[in-house]
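> For reference, the sequence and a predicted model appear below.
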Amino acid sequence: MRIISIANQKGGCGKTTSAINLSACLAHKRRKVLLIDMDPQGHSAIGLNIHTGELKKTVCDVLYDSNDAKTVLNDVTIEVGNNFDIAPSNISLSALEQHLSKVQGRESKLKEAIDGLYQIYDYIIIDCPPSLGLLTFNSLIASTEVIVPIEMSLFSLHGISKLLKIIDLVREKTGHEVRIKVIATMYDKRTRISKEVLQDIQKHFQDSMFITVINTNVTLKEAVSFGKSIVDYDQKANGFRDYMALAKEVIAEEKILGARPVKQKKPFPPATMVEKQFIYDAPGASCVKIAGTFNNWNTSEESLMERKKDGTWSKSVYLAPGTYQYRFLIDDEWVADQNNSNQVKNPFGDKNSVIKI
Ligand SMILES: Nc1ncnc2c1ncn2[C@@H]1O[C@H](COP(=O)(O)OP(=O)(O)OP(=O)(O)O)[C@@H](O)[C@H]1O
Ligand SMILES: [Mg+2]
């Protein structure tokens with residue numbers, strides 16, 4: 001049985017979409033699959049049309065049961081398709097860390113639950129939450145493999161080194177090898193940033209990276225809103241093609257697994273990229289963003305800077321060698337970098353700051 005966590009503490013990088021659709025595609029290829037939702041948001045369950053608020057028992061009861069009657073994973077699993085079961089979660093799981101704070105061996109609760117399964121599965125896929133707390137730690141300790149979805153945007157490389165360190169810690173603590181493979185998600189072939197991030201990640205992870213790339217595909221989003229996997233929603237969609245290709249790659253590894261321990265000792269991020277910290281002093285501002293040629297001047301949530309106690313705002317960005325223009329968006333006003341005198345005129349008659357890496 002292969003137990004695969006889908007983990008990355010970064011929110012919205014495609015963990016749940018990958019967990020649901022990889023599970024569904026593996027089941028479509030006649031593998032028996034259990035998807036365990038380890039996220040209190042319950043998105044895996046919701047994405048498969050389960051009303052999580054109405055559930056009497058969930059994964060939380062398996063990991064922490066205050067009653068004498070012990071709940072096991074089989075008690076909470078629900079069949080959602082041929083060869084496809086889910087162990088759902090809901091908001092109750094968010095209190096687990098508190099419930100287990102004084103319990104010895106709290107990091108191994110999920111592993112124990114899986115050891116006690118009497119249903120036989122070919123694959124257990126675990127959808128992790130966007131954090132590196134007890135829930136993700138439980139998932140990693142229970143797993144033989146981790147798939148790390150990395151979305152193809154500038155800020156997506158953040159925190160990967162921290163996740164890799166935690167996986168190392170799991171290896172040391174449990175003595176078992178946890179194999180890591182990266183999957184590129186939300187690839188948009190029209191953008192330069194998608195291509196650059198993909199190339200860098202491919203260079204770094206090499207054969208610890210799936211050849212399949214998951215493209216941005218609106219049908220994947222639609223399928224979730226209808227409570228269906230892409231297998232049940234639309235087999236003509238590019239999203240189905242991509243996740244089926246991923247499932248085939250995962251299945252192809254069945255023959256070789258165990259034969260080749262994977263080494264993960266290279267530094268991350270790739271040596272070609274440089275971490276640059278941008279700082280802007282704006283104590284009175286309520287929202288500060290940074291955008292530039294490195295992210296196609298995108299001012300979505302990802303470009304938000306973090307407010308520090310001293311009134312400055314900061315954000316680290318990994319940049320490949322090159323020259324970039326950028327500006328800050330202070331509430332609704334664009335301004336150049338007060339700490340950088342290197343500027344050029346922009347088409348609006350204002351100044352853009354320039355940075356060379
Ligand atoms: N390949 C894709 N194409 C288009 N939309 C996608 C794709 N993958 C994911 N999405 C959408 O992006 C959003 C975030 O995806 P998802 O919920 O899978 O991320 P996540 O990593 O599980 O998030 P969280 O960290 O909150 O658990 C969702 O609205 C999802 O429908
Ligand atoms: Mg999720």
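Good, I have the coordinates. Residues are numbered from 1 along each chain as shown. Ligands and ions are numbered 1, 2, ... in the order given.

> contacts and neighbour counts: CA atoms only from here.
Noted.

> surely K57 meets I78?
No - using C-alpha atoms under 8 Å, K57 is not in contact with I78, being 10.9 Å away.

> neighbour count winner among these two?
Neighbour totals were compared for K57 and I78, and K57 leads with 19 against 16 (other C-alpha atoms under 10 Å).

> how about the residues of this structure near ligand 1?
Contact residues, the chain versus ligand 1 (C-alpha under 6 Å from any ligand atom): 10-17, 129-130, 185-186, 214-218, 220-221.

> Could you list which of those residues belong to strands?
Among the residues of the chain next to ligand 1, the members falling in strands (DSSP state E) are T185, M186, I214, N215.

> Report how many residues lie close to the last one.
Right, N215. 20.

> Find the nearest non-adjacent residue to it, please.
Computed as C-alpha to C-alpha, 6 or more residues apart in numbering, the closest residue to N215 that is not its neighbour in sequence is Y187, at 4.4 Å.

> residues contacting the one you found?
E151, M152, S194, V213, I214, N215, T216 (C-alpha atoms under 8 Å, 6 or more residues apart in numbering).

> which ones are touching the fifth one?
The one in question is I214. By C-alpha under 8 Å, 6+ apart, the contact list for I214 reads I183, A184, T185, M186, Y187, G239, D242, Y243.

> ok, 10 Å please
I214 makes contact with 14, 18, 149-152, 183-188, 238-243, 245-246, according to C-alpha atoms under 10 Å, 6 or more residues apart in numbering.

> Just the buried residues from those residues, in ChimeraX please.
For the buried members of these, the matching ChimeraX selection, counting by 16 or more other C-alpha atoms under 10 Å, is:
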select :14,18,149,150,151,152,183,184,185,186,187,188,238,239,240,241,242,243,245,246
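
> Out of the contacts of I214, which sit inside helices?
Within these, residues falling in helices by DSSP state H are S18, N238, G239, F240, R241, D242, Y243, A245, L246.

> quick one, phi psi at K309?
Dihedral angles of K309 (phi, psi; degrees, to the nearest 10) stand at phi -60, psi -30.

> I figured it was touching G284, is that so?
No - assessed by C-alpha atoms under 10 Å, K309 is found out of contact with G284, at 11.9 Å.

> Would you map the strands across the stretch 101-250 of the chain?
With DSSP state E, counting those that start in this stretch as the criterion, the stretch 101-250 of the chain has strands at 123-127, 145-151, 179-187, 209-215.

> what's the closest of these to P88?
Shortest distance between P88 and the strands of the stretch 101-250 of the chain, using C-alpha to C-alpha, is found for strand 123-127: 10.2 Å.

> The closest one vs strand 145-151, what angle?
40 degrees (axes from the mean of the first three to the mean of the last three C-alpha atoms, to 10 degrees).

> Pull the distance from strand 123-127 to the chain's centre.
14 Å (C-alpha atoms, centre = their mean, to the nearest Å).

> got it, and stretch 74-93?
Put simply, stretch 74-93 sits 20 Å off its chain's centre (C-alpha atoms, centre = their mean).

> With stretch 330-341 instead?
That offset, for stretch 330-341, works out to 32 Å (C-alpha atoms, centre = their mean).

> How about exporting it as CSV, limited to the C-alpha atoms?
What follows is stretch 330-341, C-alpha atoms only, in CSV (Å, rounded to 0.1, in the frame of the first residue of the first chain):
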residue,chain,number,x,y,z
ILE,A,330,0.3,51.7,-1.0
ASP,A,331,-3.4,51.4,-0.5
ASP,A,332,-4.5,52.8,-3.9
GLU,A,333,-1.4,54.7,-4.8
TRP,A,334,1.6,53.5,-6.8
VAL,A,335,5.0,54.7,-5.6
ALA,A,336,8.6,53.9,-6.4
ASP,A,337,11.0,52.4,-3.8
GLN,A,338,12.1,55.0,-1.3
ASN,A,339,15.3,52.9,-0.6
ASN,A,340,16.4,52.6,-4.2
SER,A,341,17.6,55.5,-6.3
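
> now the helices: where do they sit in the stretch 151-300 of the chain?
For the stretch 151-300 of the chain, helices defined by DSSP state H, counting those that start in this stretch occupy the ranges 160-174, 192-205, 218-225, 230-233, 238-252.
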